[in-house]
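Chemist: next input, structure requested:
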Amino acid sequence: MGCALTKSIDAERRLVAIFAADVDGYSRLMGSDEVGTLRDLTECRRILDSLIALHRGRIANTAGDSVLAEFSSAVDAAQCAIEAQVALAEANGQVSLDRQIKFRIGVHVGDVMVRAGDLFGDGVNVAARLEGIAEPGGVCVSDDAYRQIRGKIDSTFEDMGARSLKNIAEPMRVWRIQSVSRPAMSTQAEPLALPDKPSIAVLPFQNMSGDPEQEYFADGMVDDITTALSRFKALFVIARNSSFTYKGRAIDIKQVGRELGVRYVLEGSVRKAAGKVRITGQLIDATTGAHLWADRFEGNATDIFALQDAMTDSIVSAIAPRVLQAEIELAARSRPDNLSAYDLYLRATPRYCSLTREGLSDALQLLGRALEIDPRYGAAASLAANCHLFNVVQGWAADPKSAIEEATRLSRMALSIDENDPEALAIGGHIVVWSGDLDTAIEMVDRAVELNPNSARAWNERGWTYRHSEHTEEAIQSFERAIRMSPLDPMLHLTLTGMATAFIELRRFDEAVAVAKKALRRNQTFSTTYRCLAAALAHLGRDEEAREAAARLLELDPNYRISGSSQVVFMGRGKARLFVEGLRKAGLPE
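Modeler: Prediction:
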């Protein structure tokens, strides 16, 4: 036979820390209970996978009960191995000794070949042999790895001397890591500092149904909630991989807060019974242990994925505003000296939400100070822009043109800082509509709700933008979505008022009256609601009630004049004619 030509192997060589793990007695466990072993192994793999990701590792090969991963740092690999054995030991705490899944782990630093993501070479073989001589639940490291690790990990090492490893030419000095049973993450001497914005971790939900299949549903809920919360730029959300290191463990919420560096923790449970799924959730202040919010959600289990999406929306829309409210209350209780830009923003928010002339003035002063401290504080710039816009809408701006220009400047500043901030986009779109560039305005608010479909503020701003653009039915749908997202929102009266104005434009005067009255039950001092109520009642011929609403409006805003607000608020558009006619019929002054 002729000689075959030698082909080059398309592989990359690199020096890495190799992490090899394998289950002790896997064949025995499978022979005893295949289904139970696979279920338990899946849970153990979830723990391992999340810790590998947490410590910046990459899983390269998996086969049955084994795991092979690479790390750029031997310290990361060893720390991951220690924390994995601690977490796995705690998971085994609820299982009988004969059913416990125990991993052996070996760590080595060496040269490997990488092809199609898989690892090959002597470095891999050494790590595998080290795993083979480790005790069940233990970790062995090579001398090469030990030299990189020593002094950098709060663990003790036992010198096992030179060992002959199968298929390895020369004996190799091996070290065994001791004290791997101490609590995970205890190596942190100090709690992590809290970020300068609300911080939250979503812990794994408990499966209370006794049905292993619901474990995947519960984990999916946590994944979806974490992703949805991360779309809120105002929140600092801990990644799923870190949160899932607590799965299956008895936890102290305050300790979780210290270890993850978060103020808020969301935990929950899932129960399936009689064709229904029930999810409970509770939001906890991890610094005090106080419960801030709790609720229960139920639905039919016939379409589990649709149910998962609906419950995610409900939970997230309740959590995000509750966290912000808690932060505002915390800021109000703190001493007002030496305030940071964030504190000033929190103090400005309730003043803005008052929607009064004095409240907006106070908010603008606080936000101005925040921007002096941090000129690139996008949230403060967006809120200030909204304050200027609202002054124009209400007829309170001494120079409406200048106020719109300032609102535009601040909005552009916020978007230059983060062009993908959903709330900055939504506010910016509402401001742009006043320039007459309706296409751009609609494009901006549509992109805002696409980036974060769970933001009630984005849907609310979309509603106002579409209303001004004469897409009235779409505006109503946006307002309805905002209400569903945040049914207890302190600014719900503003959204309802927007709906009332849209109903007037559609000649649905009865609905306008009903919605305006609903808004007034939530806030009796918002003058724009009385404008809507007076106009709608007048169109219905309910003259006495219309005059009462007009009188209340003038009590709140004695300087109100139709001519002073209609062309500003409605920008002279045709459908505003019905609104203006109603105001005149109600007897309001020109």
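
Chemist: helix or strand right after the helix or strand of the chain with the lowest mean pLDDT?
Modeler: Here the helix or strand of the chain ranked lowest by mean pLDDT, DSSP states H and E is helix 562-569, holding a mean of 57. Next along the chain after helix 562-569, taking DSSP states H and E as the criterion, comes helix 576-585.

Chemist: helices and strands around that next one, which ones?
Modeler: helix 492-505, helix 527-539, helix 543-556, helix 562-569 (3 or more C-beta pairs under 8 Å, 6 or more residues apart in numbering; DSSP states H and E). In short, each C-beta sits where N, CA and C put it, glycine included.

Chemist: same thing but 10 Å
Modeler: helix 492-505, helix 509-522, helix 527-539, helix 543-556, helix 562-569 (3 or more C-beta pairs under 10 Å, 6 or more residues apart in numbering; DSSP states H and E).

Chemist: among the ones you listed, show me which one is buried the most.
Modeler: Among the helices and strands packed on helix 576-585, helix 527-539 has the highest mean neighbour count (mean count of other C-beta atoms under 10 Å), at a mean of 27.

Chemist: distance from the chain centre to that helix, please.
Modeler: 39 Å (C-alpha atoms, centre = their mean, to the nearest Å).

Chemist: before we move on, what about stretch 104-119?
Modeler: 35 Å.

Chemist: now do the buried residues in it.
Modeler: Neighbour counts using 16 or more other C-beta atoms under 10 Å place 104, 105, 106, 107, 108, 109, 110, 112, 113, 114, 119 of stretch 104-119 among the buried residues.

Chemist: follow-up on the earlier one: reformat the helices and strands packed on helix 576-585 as TSV; add distance to residue 240.
Modeler: As requested, the helices and strands packed on helix 576-585 are exported to TSV (distance: least, C-beta to C-beta, whole Å):
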stretch	distance to residue 240
helix 492-505	32
helix 509-522	36
helix 527-539	42
helix 543-556	48
helix 562-569	45
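
Chemist: next, the angle from the helix or strand encompassing residue 462 to helix 576-585.
Modeler: Applying DSSP H and E as the criterion places residue 462 in helix 456-468. Per axes from the mean of the first three to the mean of the last three C-alpha atoms, to 10 degrees, the angle that helix 456-468 makes with helix 576-585 is 90 degrees.

Chemist: what helices or strands is the helix or strand that helix 456-468 is followed by leaning on?
Modeler: Counting by DSSP H and E, the next helix or strand C-terminal to helix 456-468 is helix 472-485. Applying 3+ C-beta pairs under 10 Å, 6+ apart, one finds that helix 472-485 contacts helix 304-333, helix 438-451, helix 456-468, helix 492-505, helix 509-522.

Chemist: how many neighbours does residue 158 have?
Modeler: Using other C-beta atoms under 10 Å, residue 158 has 11 neighbouring residues.

Chemist: tell me where the model's unsure across the stretch 301-450 of the chain.
Modeler: 304-305, 331-339 (pLDDT under 70).

Chemist: the one residue sitting closest to the centre of the chain: which element?
Modeler: Closest residue to the average C-alpha location of the chain: residue 229 at 1.8 Å, with C-alpha atoms, centre = their mean. Using DSSP H and E, residue 229 sits within helix 213-230.

Chemist: so residue 448 touches residue 424, yeah?
Modeler: Yes - with contact defined as C-beta atoms under 10 Å, residue 448 counts as touching residue 424 (8.2 Å).

Chemist: between these two, which contacts overlap?
Modeler: Any residue near both residue 448 and residue 424 by C-beta atoms under 10 Å, 6 or more residues apart in numbering counts here, and that gives residue 458.

Chemist: just list what the helix or strand where residue 424 lies packs against, helices and strands only.
Modeler: Secondary structure assignment for residue 424, by DSSP H and E: helix 422-432. Helix 422-432 sits against helix 378-394, helix 400-417, helix 438-451, helix 456-468, with contacts defined as 3+ C-beta pairs under 10 Å, 6+ apart.

Chemist: gap between that helix and the chain center?
Modeler: 20 Å.

Chemist: quick check: angle from that helix to helix 400-417?
Modeler: Using the same axes, to 10 degrees: helix 422-432 against helix 400-417 is 150 degrees.

Chemist: quick check: neighbours of the strand or helix carrying residue 280 in the sheet, parallel or antiparallel?
Modeler: Residue 280 is part of strand 276-285 when elements are defined by DSSP H and E. In the sheet, strand 276-285 lines up against strand 264-273 (antiparallel), strand 291-300 (antiparallel) (DSSP bridges).

Chemist: any chance of the ones you listed in TSV, plus mean pLDDT?
Modeler: Converted to TSV, the strands paired with strand 276-285 look like this (pLDDT from 0 to 100):
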stretch	mean pLDDT
strand 264-273	83
strand 291-300	81
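
Chemist: most packed of those strands?
Modeler: strand 264-273 (a mean of 21).

Chemist: alpha carbons only: can I get that one in PDB?
Modeler: Output of strand 264-273 as PDB, limited to C-alpha atoms (Å, rounded to 0.1, in the frame of the first residue of the first chain):
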ATOM      1  CA  TYR A 264     -33.800  43.200  47.300                       C
ATOM      2  CA  VAL A 265     -34.500  39.500  46.800                       C
ATOM      3  CA  LEU A 266     -37.400  37.900  45.000                       C
ATOM      4  CA  GLU A 267     -38.300  34.300  46.100                       C
ATOM      5  CA  GLY A 268     -41.300  32.200  45.200                       C
ATOM      6  CA  SER A 269     -42.800  28.800  44.800                       C
ATOM      7  CA  VAL A 270     -44.700  26.800  42.200                       C
ATOM      8  CA  ARG A 271     -47.500  24.300  42.900                       C
ATOM      9  CA  LYS A 272     -49.400  22.300  40.300                       C
ATOM     10  CA  ALA A 273     -52.700  20.600  41.300                       C
END
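
Chemist: from the chain's centre, how far out does that strand sit?
Modeler: 17 Å.
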